[in-house]
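Enquirer: mind folding the following:
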Amino acid sequence: MFNINTLLEKTKGDRWIWLIIIMLSMISVMAVYSATGAIAYKKGVTVEKYLLYKHVIFVLLGIAMIYIAHLLDYKYYAGISKVLMIITIPLLIYTLIFGSNINDASRWVKIPVINLTFQTSDLAKLALITFLARMLTRKQENIKDVKKAFVPIMGSVCVVFILIALANLSTALMLFGVSILLLIIGRISIKQILTVCAAGFVLLLFVVFLGPRRETYKSRMNAFFHPELQHSDKTYQSDHAKIALATGGFFGKGPGNSTERNFLPHPYSDFIFAIIIEEYGTIGGLAIVTLYLVLLYRCVRIVTRSPKAFGALLAAGLSFSLTIQAFANMAVAVGLGPVTGVPLPLVSMGGTSMIFTSIAFGIILSVSRDVEENEGKTSEKNSNEKSNKVIVGEIPAMA
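Expert: Model (predicted):
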């Protein structure tokens, strides 16, 4: 029989992160409920029916995945990362050649039977970050050696970067940035890191000027840097996002009162932050920003307290990935960056992206659980030693 108390007793890890997960999930349901009005109308169904089948189930499934992932000892993810990388590389190649073309980009693979589209870059992010954490941990004794450490590590980063960038440049750039941060934490020399950056820059130029989506990238950059010279359809999304921000004011229009959800192409995913500000005002926007900043702070505490290098690198990589993605999404919504198509973690509507984001949270909590257990054992050991000293001190001296 299901027992909620037993479930809560088995729930470990940072309580603040659990609270942030619950709060973001609740915000997600409310925001997506409001933002899906137009698309539900176009599909001829009620908002409740569309929301129930397309979002709430995935939110609950995501929380379940977080719970399951956090119960597994994070050390097992080292072995899993190797398998994920073996699967990811061929899958990214398959996506480029045979992937479904959605929103003018081949980023998705259709899963047979259940007929759901699967964004392979979500799997690639999780695979590369866990694999890098494993490689950096295993190569610490030879971390300055070019052949033994630098070449295999750089190779994995560059291969995944180029395969993702050809279809999804924004995700590739964020993942590359996270990889550089991991290399710094993993004690790779600055000279070698600069070499990686130079290689990444060359690959970036190749993708932007010679890649299959070069016209799309040029168009987005021109629209961002020179909006006054563009036709209105080139700046349509960013213009309506700015209208949402301007009309939201400080307190917002109130839940469900957004008007720009009827004009923005993807108000429930790419531009959900603009809808949140329109309905909940600057206060609502600041609340979202605060939640992600607190998340980053709590994750940094886990990193600094982790006794094992793999756990520290794993938590650092995944937390940087989540927060960088969050702020990239918010930057696009407020006009601080070109349109990228990056969802807001745990808030935007999305099936597989929600699942992989949840797994990342679960792994972070697994590291946190291990930290708490180690600190508990250390505290108990110190307490026992102190107790033994007191008992020995009370034994009277024998004649």
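
Enquirer: now the element after whichever strand or helix holds residue 176, going C-ward?
Expert: According to DSSP states H and E, residue 176 maps onto helix 169-185. Under the assignment DSSP H and E, the closest C-terminal helix or strand after helix 169-185 is helix 190-210.

Enquirer: what is that following helix packed up against?
Expert: helix 151-165, helix 169-185, helix 214-225 (3 or more C-beta pairs under 8 Å, 6 or more residues apart in numbering; DSSP states H and E). (Glycine included, C-beta is placed from N, CA and C.)

Enquirer: can you state the direction angle for the helix holding residue 176 and helix 151-165?
Expert: Orientation check (axes from the mean of the first three to the mean of the last three C-alpha atoms, to 10 degrees): helix 169-185 against helix 151-165 gives 160 degrees.

Enquirer: list the buried residues for helix 169-185?
Expert: Residues of helix 169-185 classed as buried by neighbour count (16 or more other C-beta atoms under 10 Å): 169-176, 178-180, 182-183, 185.

Enquirer: hang on, the earlier thing: tell me which of the helices and strands packed on helix 190-210 lies nearest to residue 365.
Expert: Smallest distance to residue 365 across the helices and strands packed on helix 190-210 (C-beta to C-beta): 18.8 Å, for helix 169-185.

Enquirer: give me the nearest residue to the most centrally placed residue in the chain, chain neighbours excluded.
Expert: Centroid-nearest residue in the chain: residue 322, 3.0 Å away (criterion: C-alpha atoms, centre = their mean). Setting aside the residues directly before and after it, residue 322 is nearest to residue 345 in space (C-beta to C-beta, 6 or more residues apart in numbering), at 5.1 Å.

Enquirer: shouldn't the one you found be within a helix?
Expert: No: counting by DSSP: H, G, I helix; E, B strand; the rest coil, residue 345 is not found in a helix; it is coil.

Enquirer: wait, isn't it in contact with residue 319?
Expert: No: between residue 345 and residue 319 there is no contact under C-beta atoms under 8 Å: 10.8 Å.

Enquirer: where does the residue nearest to the centre of the chain land in three-state SS?
Expert: helix.

Enquirer: please report how far it lies from residue 187.
Expert: In this structure, residue 322 and residue 187 are 23 Å apart, going by C-beta to C-beta, to the nearest Å.

Enquirer: in the chain, where is pLDDT below threshold?
Expert: Low-confidence segments of the chain (pLDDT under 70): 1-9, 50, 52, 99-108, 111-116, 211-215, 217-220, 222-234, 378-399.

Enquirer: can you show me the strands along it?
Expert: Remark: strands assigned in the chain by DSSP state E are 100-102, 105-111, 116-119.

Enquirer: in stretch 63-82, what counts as buried?
Expert: Across stretch 63-82, burial judged by 16+ other C-beta under 10 Å covers 63, 65, 66, 67, 69, 70, 74, 77, 78, 80, 81.

Enquirer: please identify which pair of those lies farthest apart.
Expert: Across the buried residues of stretch 63-82, the longest distance by C-beta to C-beta is 25.1 Å; it joins 63 and 78.

Enquirer: so residue 24 makes contact with residue 294?
Expert: No: taking contacts as C-beta under 8 Å, residue 24 lies outside contact range of residue 294: 11.0 Å.

Enquirer: between those two, who's got more neighbours?
Expert: Remark: of residue 24 and residue 294, residue 24 carries more neighbours, 22 against 15, as counted by other C-beta atoms under 10 Å.

Enquirer: once you drop chain neighbours, what's closest to that one?
Expert: residue 346 is the one closest to residue 24 (C-beta to C-beta, 6+ apart), at 4.2 Å.

Enquirer: and that neighbour, its phi and psi?
Expert: Per-residue torsions, residue 346: phi 70, psi 0 (degrees, to the nearest 10).

Enquirer: against residue 55, how distant is it?
Expert: Distance check for residue 346 against residue 55: by C-beta to C-beta, it reads 12 Å.

Enquirer: okay, those two: which has more neighbours?
Expert: More crowded of residue 346 and residue 55, by other C-beta under 10 Å: residue 346, with 29 against 21.

Enquirer: could you list which residues are in contact with that one?
Expert: By C-beta atoms under 8 Å, 6 or more residues apart in numbering, the residues touching residue 346 are 21, 24, 25, 28, 62, 354, 357, 358, 361.

Enquirer: close enough to count as contact, the fifth one and residue 355?
Expert: Yes: under the criterion of C-beta under 8 Å, residue 62 is in contact with residue 355, at a separation of 6.1 Å.

Enquirer: higher neighbour count, these two?
Expert: Comparing residue 62 with residue 355 by other C-beta under 10 Å, the one with more neighbours is residue 62, at 25 against 18.

Enquirer: all helices of the stretch 1-150 of the chain, in order?
Expert: 4-10, 15-35, 37-42, 47-51, 57-71, 76-98, 120-138 (DSSP state H, counting those that start in this stretch).

Enquirer: give me the contacts around the longest one.
Expert: It refers to helix 76-98. So helix 76-98 is contacted by 106-109, 120-121, 123-124, 126-128, 130-131, 133-134, 137, 156, 159-160, 163-164, 166-167, 310, 314, 363, 366 (C-beta under 8 Å, 6+ apart).

Enquirer: and what of the second one?
Expert: Residues lying outside helix 15-35 but in contact with it, judged by C-beta under 8 Å, 6+ apart, are 11, 47, 51, 55-56, 59, 62-63, 66, 255-256, 258, 261, 267-268, 272, 275-276, 279, 288, 291, 294-295, 298-299, 345-349, 361, 364-365, 368.

Enquirer: now swap in the shortest one and tell me
Expert: By C-beta under 8 Å, 6+ apart, the surrounding residues in contact with helix 47-51 are 29, 32, 33, 36, 37, 39, 40, 43.

Enquirer: appreciated, that's everything.
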